[in-house]
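Asker: output the structure for:
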Amino acid sequence: MSERRIERRLAAILAADVAGYSRLVGEDEEGTLERLKVLRRTLADPKIKEHRGRIVRTMGDGLLVEFASVVDAVRCAVDVQREMALRNADLPADRRIEFRIGINLGDIIKDRREIYGDGVNVAARLEALAAPGGICVSRVVRDQVRDKLGFAFDDRGEQQVKNIARPVRDCATAEPARANGHTVEPDWRSSFLQTRV
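Answerer: Take a look at the predicted model:
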C-alpha cells in the first residue's frame, strides 16, 4: 500500500460569515436565503474571481476562500465590505446583511479541494473576532500589506482566542469605506479593518 504525500503550501486564507445569521433567518428565512444567493452571485463570487481567489467551502452563512496573494485577499475583502456598506446604507439596521471577515497568511495542508491546518484555523478565529462589516487580519497579513495598500494599523494588545495556543494581538484601522469617490459612513466606522496576531 503506497502512502500519499501530504501537500503543504503557504496561502492567504479568507474566512467570512454573516453576522446575526440566525436572527435574520429566524425573522425571514426565505427572504434572507434569497438575499444571500443574490449577494453570492452579484458580489462575493465576482470579487473573489476578480482577485484570483478560489472558493474552498461554502456554508449556509459563510465562505472559506484561498488566495495565492495576501494583497489580493485583503483587496477582495475591502471591496466586498465597501460594496456591502453601500447596499446596506438605505436599509434599517435589523434588515442589513453584514459580513465578518478574517484573513490569515499561513501554512496549509491541501487534500484534494479541501484545505486544513493552523493557517485555516487562525483565519476562522480572526473572522469570529471581526466586527460586523469589519475585517480582522493577522499580524503577518498586516506586515505584508501595510506598505502596499496604505492602511494604518493601531495595536490594541494581546488576548487569548478559542483553540489557539498563542496570544492574539489586536490592532485596528479606521479606514472608511469608499465607493466611486464618495465616503460611506457604515455602522462599523472605527473597526473596518482590524489586525490580530
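
Asker: quick one, strands of the protein?
Answerer: Ranges of strands within the chain are 7-19, 53-59, 62-67, 98-111, 114-116, 135-137, 154-161, 164-173, 177-179, 182-184, 193-196, based on DSSP state E.

Asker: could you dump the helix of greatest length in the chain to PDB, C-alpha only?
Answerer: If you go by DSSP state H, the chain has its longest helix at helix 70-88. The C-alpha coordinates for helix 70-88 follow below in PDB (Å, rounded to 0.1, in the frame of the first residue of the first chain):
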ATOM      1  CA  VAL A  70      -2.300  38.200   0.600                       C
ATOM      2  CA  VAL A  71      -2.600  41.500  -1.100                       C
ATOM      3  CA  ASP A  72      -5.400  40.000  -3.300                       C
ATOM      4  CA  ALA A  73      -7.100  38.600  -0.300                       C
ATOM      5  CA  VAL A  74      -7.200  41.900   1.500                       C
ATOM      6  CA  ARG A  75      -8.300  43.800  -1.600                       C
ATOM      7  CA  CYS A  76     -11.100  41.300  -2.100                       C
ATOM      8  CA  ALA A  77     -12.300  41.700   1.500                       C
ATOM      9  CA  VAL A  78     -12.100  45.500   1.300                       C
ATOM     10  CA  ASP A  79     -14.100  45.600  -2.000                       C
ATOM     11  CA  VAL A  80     -16.800  43.300  -0.600                       C
ATOM     12  CA  GLN A  81     -17.100  45.300   2.700                       C
ATOM     13  CA  ARG A  82     -17.300  48.600   0.900                       C
ATOM     14  CA  GLU A  83     -20.000  47.400  -1.500                       C
ATOM     15  CA  MET A  84     -21.900  45.800   1.300                       C
ATOM     16  CA  ALA A  85     -21.900  49.200   3.200                       C
ATOM     17  CA  LEU A  86     -23.400  50.800   0.100                       C
ATOM     18  CA  ARG A  87     -26.000  48.100  -0.300                       C
ATOM     19  CA  ASN A  88     -27.000  48.400   3.400                       C
END
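
Asker: pLDDT (mean, whole number) over it?
Answerer: When pLDDT is averaged over helix 70-88, the result is 94.

Asker: how about it: buried residues?
Answerer: For helix 70-88, the neighbour count (16 or more other C-beta atoms under 10 Å) marks 70, 72-85, 87-88 as buried. The C-beta positions use only the backbone N, C-alpha and C, and glycine is treated the same way.

Asker: quick check, central residue of the chain?
Answerer: By C-alpha atoms, centre = their mean, the chain has its centre lying nearest to Ile101, at 2.2 Å.

Asker: how far away is it from Ile6?
Answerer: 28 Å (C-beta to C-beta, to the nearest Å).

Asker: over to Asp28?
Answerer: 44 Å.

Asker: could you do Ala77 as well?
Answerer: As for Ala77, its distance to Ile6 is 29 Å (criterion: C-beta to C-beta).

Asker: ok, now Ala123?
Answerer: In this view, Ala123 and Ile6 are 20 Å apart by C-beta to C-beta.

Asker: which of the two has more neighbours?
Answerer: Here Ala123 and Ile6 are compared on neighbour count by other C-beta atoms under 10 Å; more neighbours surround Ala123, at 31 against 10.

Asker: many thanks, we can stop here.
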